[in-house]
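Enquirer: Quick one, fold the following:
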Amino acid sequence: MAIIFLRTLIVFFLIMLAMRIMGKRQLGELEPSELVAAVLISDISANPLEDMGIPLIYGILPALTLLSCEVLISAITLKSIRLRSLLGDVPSIVISHGKINQKEMRKNRFNIDELTSELRKQGVTDISSIQTAVLEPDGSISILLYPSECPVTPAQLNIDSGNSSYPVILINDGHIIDGNLKLLGIDRAWLDKELKKRNIESPEDVFLLTSDSSFNIYVDEKDKT
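Expert: Here you go, the predicted model:
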């Protein structure tokens, strides 16, 4: 039993290490070579767990070989545009000046239903409003609208929108994040004061509290049970 447990831990951490080396990506964002390597590594590494008669090295060595191949291919594609193109790791323009590039659609086996679905996800329903749409290597669509179709920004209207930053979590499910308090240059006394303004007795009553550098605060109290 202890041997099974130990072998499982070794394989688990091996696969975790392989995924970390391959980069932080979601499954749908993996490049073709990364996806092949991930599937094969998982399958090969599972063999020694299914059959205790197979030495563990028979799973580890092929997995490390595949990982090395993937790292090598990634390093080469950084230098070779031609190889990136061969592996399908270059973007394709599928819409140009409001017109669908049918040749690129067929080349990438990307159909109309998939295209319109990706456009709807980004709130675009009128293809004629698109100046350029690019099919990225991970299958997502990047869209550039005509300037006349883009939302107006405060800068275009000469409006001072002030300076702010990405909101950080100060209270997470009743727990105060002291590191983020220091990041904003505030302390618990300031936080207690803000809670009292909102008639909240304790941080434990807060499910989520966030603030940006301009101290725009969002508070969501815990549900009363």
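Enquirer: okay, now residue 63: neighbour count?
Expert: Around residue 63 there are 22 other residues, counting by other CB atoms under 10 Å. Every residue, glycine included, has its C-beta placed from N, CA and C.
Enquirer: any idea which helix or strand carries it?
Expert: Residue 63 is part of helix 57-79, with elements assigned from DSSP states H and E.
Enquirer: which one is residue 166 nearest to, not counting chain neighbours?
Expert: residue 212 (6.6 Å; CB to CB, 6 or more residues apart in numbering).
Enquirer: would you put the C-alpha positions of the helix holding residue 63 in CSV?
Expert: What follows is helix 57-79, C-alpha atoms only, in CSV (Å, rounded to 0.1, in the frame of the first residue of the first chain):
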residue,chain,number,x,y,z
ILE,A,57,11.1,4.4,-14.5
TYR,A,58,9.2,3.1,-17.5
GLY,A,59,6.7,5.9,-17.0
ILE,A,60,9.1,8.6,-15.8
LEU,A,61,11.7,8.3,-18.6
PRO,A,62,9.2,8.6,-21.5
ALA,A,63,7.4,11.5,-19.8
LEU,A,64,10.7,13.3,-19.3
THR,A,65,11.6,12.6,-23.0
LEU,A,66,8.3,14.1,-24.2
LEU,A,67,8.8,17.1,-21.9
SER,A,68,12.3,17.7,-23.3
CYS,A,69,11.0,17.4,-26.9
GLU,A,70,8.3,20.0,-26.1
VAL,A,71,10.8,22.4,-24.5
LEU,A,72,13.1,22.0,-27.4
ILE,A,73,10.4,22.6,-30.0
SER,A,74,9.3,25.7,-28.0
ALA,A,75,12.9,27.0,-28.0
ILE,A,76,13.3,26.4,-31.8
THR,A,77,10.0,28.1,-32.7
LEU,A,78,11.1,31.2,-30.8
LYS,A,79,13.8,31.6,-33.4
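Enquirer: Tell me, domain by domain, which residues of the chain belong where.
Expert: Domain assignment for the chain by automatic domain parsing gives 2-85, 92-149, 168-221.
Enquirer: So for residue 158, which of those sits nearest?
Expert: Within the domains of the chain, the stretch nearest residue 158 is domain 92-149; the backing value is 17.2 Å (CB to CB).
Enquirer: where does this structure dip in pLDDT?
Expert: Within the chain, the stretches with pLDDT under 70 are 1, 19, 21-33, 83-89, 160-164, 225.
Enquirer: residue ranges of the helices in the protein, please?
Expert: 2-22, 32-50, 57-79, 81-86, 102-107, 112-121, 178-183, 188-197 (DSSP state H).
Enquirer: So what's the gap between stretch 108-118 and the chain middle?
Expert: Taking CA atoms, centre = their mean, to the nearest Å, one finds stretch 108-118 lying 21 Å from the centre of the chain it belongs to.
Enquirer: Please disregard the earlier target; I meant stretch 208-216.
Expert: Relative to its chain's centre, stretch 208-216 lies at 23 Å (CA atoms, centre = their mean).
Enquirer: quick revisit: surely the residue nearest to residue 166 touches residue 180?
Expert: No: counting by CB atoms under 8 Å, residue 212 sits too far from residue 180 to count as a contact (11.1 Å).
Enquirer: can you list residues touching both of the two?
Expert: Counting by CB atoms under 8 Å, 6 or more residues apart in numbering, the contacts common to residue 212 and residue 180 are residue 168.
Enquirer: just to revisit the earlier point, in the helix holding residue 63, what counts as buried?
Expert: Within helix 57-79, the residues that count as buried by 16 or more other CB atoms under 10 Å are 59, 60, 62, 63, 66, 67, 70, 73, 74, 77.
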